[in-house]
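>>> Quick one: sequence plus predicted model below, questions after.
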Amino acid sequence: MTKLGKLLFTLLFLALVLFGVAKWWNKLAPKNLATGPRAEAKQSASDLQLADTQTEVPKLVTPGAYTPKDNVVEVELSEYAGYAGLIVANGGLEPNDNSVFAQKYGFKLKITLSEEESWSALNSGKMAASATTVDVLAVYGKQFQVVVPAQIGFSRGADGIVVRSDIKRINDLKGKVLVTAQFTEAEFFIRYLAQEAGLGVNMLDGIDGNVDAQKLNLVFSEDAFAAGDLFLKELKGGRLAGCVTWAPKTTEVVEQSGGKAHILATNRNLLIVGDILIVNKGFAQANPDKVTGLVAGLMEGNRMVRDNQNAHLDLIGRAFKGERAQTVAELAKVHFSNLPENLAFFSGAIDAAGSFGGIYQSAIYAYGNQLIKDPVDASRFLDLQHLKKLEADGTFSDQKVAIAPIKTGGAAPVETDPLLSKDIRFLFAPNSANLDLTNQENLKNLEAIKRLLTVSPGSTILLRGHVDNSLVEDFRKKGGEAFVRQMALKAVEFSKERAGEIKRLLIERHQVDPARIDIAGRGWDEPLGRDPEQNRRVEAQWFTLE
């Protein structure tokens, strides 16, 4: 080969090598060689696979009436232990001649399990009934053509907020980003607590959106389990402060975090996630006897599970395809509502848990008019004739309301860490511990504290009284540091009197158990600013059992 030929061959060989390197570089190059921090951020964000943030409530299809075939009523449920009462009453998922529904009420029930929220299918009449939580009704509003004839139960620990270990209360989420599933009870759960802590909510259009430093910021995943996985993935990145999901994902995230995450709160003793039976409106109007049978069968099934859980574990386990121990664990996170609890839930007369109307209205407030633009009244959905008929028949006359706090053994960390703090501006006149009861804001604030105690059985409130510090310099000029110390002691006692006045009014006007309210005086040690009126206040700290 000539010198020229060798040169040409060498150049051709090098060209081929460079072509190959260029072609395969993106595949072979390490990911951490992406150019610059902005590129790295884009790469990480794409890995998170977030769902699009919806700024409007999804539209449901046109309503239609469900018509049963061959006297079989079709119901769709999710794989949640709280619906075990219906399954037990039916003897399983398939239509059954020996079920409570067939034997006592003359129709058969077919139960389908699905994790999809098939609200359009229910609305259009493709099924007779389903189950959801009260907050969902508030979100979908008047387009949702369903009626609510009964409460199924309360979730008691299934839903939870998992956060980085340095976050101790809801107030610490200010300026942070959480991930959850949009328009689910998980989103409502965190929105409710943020609202009680005085935090606004900002929805981001992505993980790199403009974070509002004064609000809780939310991004969304396809479902609640994905929220837990995304938080785990981001633990090193630091852009997500936590996730809102449900069991067993809550426990799984904590266990896999290597001590970097913990459960901040669950709804174990915070009863705002109430499961309800929802029935296609056209079907309910045309078949009131079948709806009565559906409600009665639910009440009977709930009683069977409450009274003798062990006898039905295998049946429930087969339906949900879970082992016996897993079934027991999941049932422990549910309160199955009986007839008197149903009646109290819908009337608002229940003292140890949230009511239908209270939860519904809380959802409207929590989502705000940005999402719920034209809210409808909760009564629009109610169809309580079936519960009242059962009450008149006396079938469940032996049942009593029995919703109690679930306590864990040992000392509870909530003794030092409240779930949230709420600065409440009770208006006191200067140098007075008497509350102005002609002021509507004062009355609303008393009701707000009562509501916190109502939705969380076993919870307690610490009322921390404060006085303004505007006269401290005058005291110093008048008598020096000794006089300041003397007046500081009086300020502590005076602030405690203010907290005591709020406690007295809660007991006398709202019948709150005195054992659930503690008081403390903080004097002028914790001013919020220079405005004296701003510092004449009582702070409510809410301690929940876990």
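On my side now, so go ahead. The structure presented is a predicted model; accordingly, all values stated were derived computationally and were not measured.
>>> residue ranges with poor pLDDT in the stretch 101-250 of the chain?
Within the stretch 101-250 of the chain, not a single segment meets pLDDT under 70.
>>> repeat that with 90
115-118, 158, 208, 236-238, 247-248 (pLDDT under 90).
>>> for the stretch 51-200 of the chain, what spans make up the helices?
84-90, 100-105, 119-123, 134-140, 185-196 (DSSP state H, counting those that start in this stretch).
>>> and among the ones you listed, the most buried is which?
With neighbours defined as mean count of other CB atoms under 10 Å, the helices of the stretch 51-200 of the chain peak in mean count at helix 84-90, which reaches a mean of 26. Heads up, the C-betas are built off the backbone N, CA and C, glycines and all.
>>> Which strands or helices does it pack on?
Secondary-structure packing of helix 84-90 (3 or more CB pairs under 8 Å, 6 or more residues apart in numbering; DSSP states H and E): helix 100-105, strand 108-113, strand 146-155, helix 288-307, helix 313-320, strand 334-336.
>>> got those as a markdown table, with distance to Ala121 columns?
Compiled in a markdown table, the helices and strands packed on helix 84-90 are given as follows (distance: least, CB to CB, whole Å):
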| stretch | distance to Ala121 |
| --- | --- |
| helix 100-105 | 21 |
| strand 108-113 | 10 |
| strand 146-155 | 12 |
| helix 288-307 | 18 |
| helix 313-320 | 21 |
| strand 334-336 | 25 |
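>>> Ok, which of those comes nearest Lys176?
Minimum separation from Lys176 across these (CB to CB) falls at strand 146-155, 24.6 Å.
>>> between that closest one and helix 288-307, how many degrees?
Between strand 146-155 and helix 288-307, the angle comes out at 0 degrees (axes from the mean of the first three to the mean of the last three CA atoms, to 10 degrees).
>>> Could you name the helices and strands sitting against strand 146-155?
Counting by 3+ CB pairs under 8 Å, 6+ apart, strand 146-155 packs on helix 84-90, strand 274-280, helix 281-286, helix 288-307, strand 334-336, helix 339-347, helix 385-393.
>>> Give me the buried positions along the last one.
Of all the residues in helix 385-393, those buried under the rule 16 or more other CB atoms under 10 Å are 386-387, 390-391.
>>> Out of the helices and strands in this structure, which is least certain?
None of the helices or strands of the chain scores lower by mean pLDDT, DSSP states H and E than helix 36-48, at a mean of 36.
>>> just checking, Asp374 touches Gly141?
Yes - using CB atoms under 8 Å, Asp374 is in contact with Gly141, at 6.7 Å.
>>> neighbour count winner among these two?
Ranked by neighbour count (other CB atoms under 10 Å), Asp374 and Gly141 place Gly141 first, with 17 against 8.
>>> got a list of what the more buried one touches?
Neighbouring residues of Gly141 by CB atoms under 8 Å, 6 or more residues apart in numbering: 57, 372, 374-376.
>>> contact partners of stretch 394-404?
154, 271, 296, 299, 303, 335, 338-341, 344, 350, 352-353, 390, 457-458.
>>> how far out from the middle of the chain is that stretch?
Its chain's C-alpha centre and that of stretch 394-404 lie 27 Å apart, by CA atoms, centre = their mean, to the nearest Å.
>>> can you pull the contacts of Val148?
By CB under 8 Å, 6+ apart, Val148 lies in contact with 137, 276-279, 356, 381-383.
>>> what bridges to it?
On the basis of DSSP bridges, Val148 is bridged to Leu382.
>>> circling back: for the contacts of Val148, which single residue is the most surrounded?
That'd be Val279 among the contacts of Val148, by other CB under 10 Å, with 28 neighbours.
>>> Throw the helices of the stretch 51-200 of the chain into TSV and include distance to Glu252, thanks.
Formatted as TSV, these follow (distance: least, CB to CB, whole Å):
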stretch	distance to Glu252
helix 84-90	22
helix 100-105	36
helix 119-123	28
helix 134-140	25
helix 185-196	15
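>>> Which one of those lies nearest to Ile424?
With respect to Ile424, and counting by CB to CB, the nearest of the helices of the stretch 51-200 of the chain is helix 185-196 at 10.9 Å.
>>> Using CSV, write out every CA atom in that closest one.
The C-alpha coordinates for helix 185-196 follow below in CSV (Å, rounded to 0.1, in the frame of the first residue of the first chain):
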residue,chain,number,x,y,z
GLU,A,185,-59.2,11.9,50.3
ALA,A,186,-55.4,12.2,50.6
GLU,A,187,-55.5,15.7,49.1
PHE,A,188,-58.4,16.7,51.3
PHE,A,189,-56.6,15.3,54.4
ILE,A,190,-53.6,17.6,53.9
ARG,A,191,-55.7,20.6,52.7
TYR,A,192,-57.9,20.3,55.9
LEU,A,193,-54.9,20.3,58.2
ALA,A,194,-53.2,23.1,56.3
GLN,A,195,-56.4,25.1,56.6
GLU,A,196,-56.5,24.6,60.4
